[in-house]
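Trainee: got a structure for you, letters missing:
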C-alpha cells in the first residue's frame with residue numbers, strides 16, 4: 001500500500017451585500033454599445049459591503065474549501081482502486097477567530113484605512129493562516145497513477161499524455177498506461193477527481209467561466225469615462241501627497257519600490273495617503289457602481305450559459321453533500 005499527495009490550486013469565490021447612497025448620471029446611454037447607466041452610487045462604501053452580480057455564480061471561501069475537500073476525496077477514491085492511500089494537501093482553514101473574508105477587499109486596490117495604517121500593502125498580515133504542509137513524496141507508481149504519466153514526463157520532445165476535457169470523453173480515452181494490471185485514467189486520478197466534480201458531462205461549463213466574465217467586466221470598467229475621471233482625480237491627489245506619476249492604484253507598490261517591504265513604515269505612509277485619496281474622490285463608490293453595471297450587462301448577455309453554470313454548480317454542491 002502506497003501513500004500519495006495532490007496539491008490542489010484553489011479557485012476563486014463570492015461575497016456579501018451592498019449599501020447604496022447617492023446618484024450619478026449616464027453619459028453614454030444604457031445600450032450594450034455605450035456606457036451603462038449607474039443609478040445610485042455609494043459614498044465610500046466599505047469593501048465588505050460590496051455585492052456584485054457575478055457573486056451569485058462564484059464560491060465563497062467556505063465553498064471553495066469544501067469543494068477542495070470533495071475533490072481530494074474523489075482523487076482518494078481513485079487512488080484506492082490502485083491500492084494507494086491518498087493523503088492530499090487539504091486547503092488551509094482560517095484560524096479560529098480570523099476575520100470574515102472580504103472577497104472584494106483589493107478589487108480597486110487597497111481601500112481600508114485601518115488595514116493601510118496597520119499593514120500597509122502587506123495582504124498576508126493579520127490573516128491568521130497556518131503554513132500549508134508540503135505534499136508527501138510519491139513512489140514512481142503512485143506518481144504515475146496520480147498524474148497519468150511516468151515521472152519525468154518521458155523527456156524532451158515527448159508527446160503529452162492523453163487527457164480528456166470531461167468525464168464522458170474520458171471513458172473513451174486510452175491513457176496507454178497500466179499499473180497493477182489496471183488502466184490508469186486519462187490524466188491520472190488528479191484529473192479524474194477534477195472531471196467528476198467540475199466536468200462530468202460534455203455540456204459542463206468551464207469552471208472559470210464566471211470568473212472570466214467578472215474579469216471582462218473589470219477590464220471594461222477600466223475604459224469607462226467615469227472611472228477614467230475618478231482615476232485622474234485620485235492621481236492628482238496622490239501628486240499633492242508627494243507620490244507623483246502614479247496613474248492607477250494597481251501600480252503604487254511597483255512605482256514606489258515597496259515590493260521588498262510591503263508592511264514597512266514607508267509602505268504604511270504611502271498606503272495611508274493612497275486610501276485617503278480614494279476616499280477624497282470616492283474612487284471605490286464610483287468604480288464599484290461602474291463595475292456592477294458592466295457585470296449586470298454581461299449577466300444579461302450570458303444568461304443562458306450562466307443558468308446552466310448555476311445548475312451545474314448546485315449539482316456539485318449536492319455531490320459534495322453526498323460524499324460528506
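Mentor: The structure has been received and is ready for your questions. As the structure is a prediction and not an experimental result, all values here were calculated from the model.
Trainee: all contacts plus neighbour counts: C-alpha atoms, from now on.
Mentor: Noted.
Trainee: what ranges do the helices span in the stretch 151-300 of the chain?
Mentor: 167-170, 188-198, 209-222, 225-240, 252-255, 265-281, 283-301 (DSSP state H, counting those that start in this stretch).
Trainee: which other helices and strands contact the third one?
Mentor: Packing partners of helix 209-222 (3 or more C-alpha pairs under 8 Å, 6 or more residues apart in numbering; DSSP states H and E): helix 283-301.
Trainee: Check the gap between residue 169 and residue 67 for me.
Mentor: From residue 169 across to residue 67, the span is 23 Å (C-alpha to C-alpha, to the nearest Å).
Trainee: next one: residue 147
Mentor: From residue 147 to residue 67 the distance is 20 Å (C-alpha to C-alpha).
Trainee: can you tell me which residues contact the closest residue to residue 147 other than its chain neighbours?
Mentor: Distances taken as C-alpha to C-alpha, 6 or more residues apart in numbering put residue 188 closest to residue 147, at 4.3 Å, once the chain neighbours are dropped. Residue 188 makes contact with 144-149, according to C-alpha atoms under 8 Å, 6 or more residues apart in numbering.
Trainee: circling back to that earlier point, which among the helices of the stretch 151-300 of the chain is found nearest to residue 140?
Mentor: helix 188-198 (13.0 Å; C-alpha to C-alpha).
Trainee: list the contacts for the closest residue to residue 255 other than its chain neighbours?
Mentor: Spatial nearest neighbour of residue 255, excluding adjacent residues (C-alpha to C-alpha, 6+ apart): residue 246 at 7.0 Å. Neighbouring residues of residue 246 by C-alpha under 8 Å, 6+ apart: 235, 238-239, 252, 255.
Trainee: what's the offset of stretch 173-184 from the middle of its chain?
Mentor: Distance of stretch 173-184 from its chain centroid, counting by C-alpha atoms, centre = their mean, to the nearest Å, is 34 Å.
Trainee: Then stretch 61-78?
Mentor: 16 Å.
Trainee: tell me the mean pLDDT for that stretch?
Mentor: Mean per-residue pLDDT for stretch 61-78: 92.
Trainee: what does stretch 165-185 give?
Mentor: Average pLDDT, stretch 165-185: 94.
Trainee: Please apply the same query to stretch 36-45.
Mentor: 94.
Trainee: in that stretch, what counts as buried?
Mentor: For stretch 36-45, a neighbour-count test (16 or more other C-alpha atoms under 10 Å) marks 36-38, 41-45 as buried.
Trainee: do the same with stretch 241-254
Mentor: Judged by neighbour count using 16+ other C-alpha under 10 Å, the buried positions of stretch 241-254 are 243, 246-247, 249, 252-253.
Trainee: Endpoints of that stretch, how far apart?
Mentor: 17 Å.
Trainee: which regions of the stretch 201-324 of the chain lie under the pLDDT threshold?
Mentor: 324 (pLDDT under 70).
Trainee: on that earlier part again, which member of the contacts of residue 246 is positioned nearest residue 87?
Mentor: Checking these against residue 87 by C-alpha to C-alpha gives residue 252 as the nearest, at 41.2 Å.
Trainee: what residue of the protein is the furthest out?
Mentor: residue 181 (39.4 Å; C-alpha atoms, centre = their mean).
Trainee: so who does it touch?
Mentor: Contacts for residue 181 (C-alpha under 8 Å, 6+ apart) come out as none.
Trainee: if I look at it, how far off is residue 151?
Mentor: The gap separating residue 181 from residue 151 is 19 Å, by C-alpha to C-alpha.
Trainee: With residue 59 instead?
Mentor: 34 Å.
Trainee: more neighbours, those two?
Mentor: residue 59 (18 against 15; other C-alpha atoms under 10 Å).
Trainee: Distance of that one relative to residue 103?
Mentor: 10 Å.
Trainee: now do residue 225
Mentor: On the measure of C-alpha to C-alpha, residue 225 and residue 103 end up 26 Å apart.
Trainee: Neighbour count: those two, which is higher?
Mentor: residue 103 (19 against 14).
Trainee: pretty sure the more buried one belongs to a helix, no?
Mentor: No: counting by DSSP: H, G, I helix; E, B strand; the rest coil, residue 103 is not found in a helix; it is coil.
Trainee: Where do the strands of this protein begin and end?
Mentor: 2-4, 22-23, 40-41, 84-86, 178-179, 182-183 (DSSP state E).
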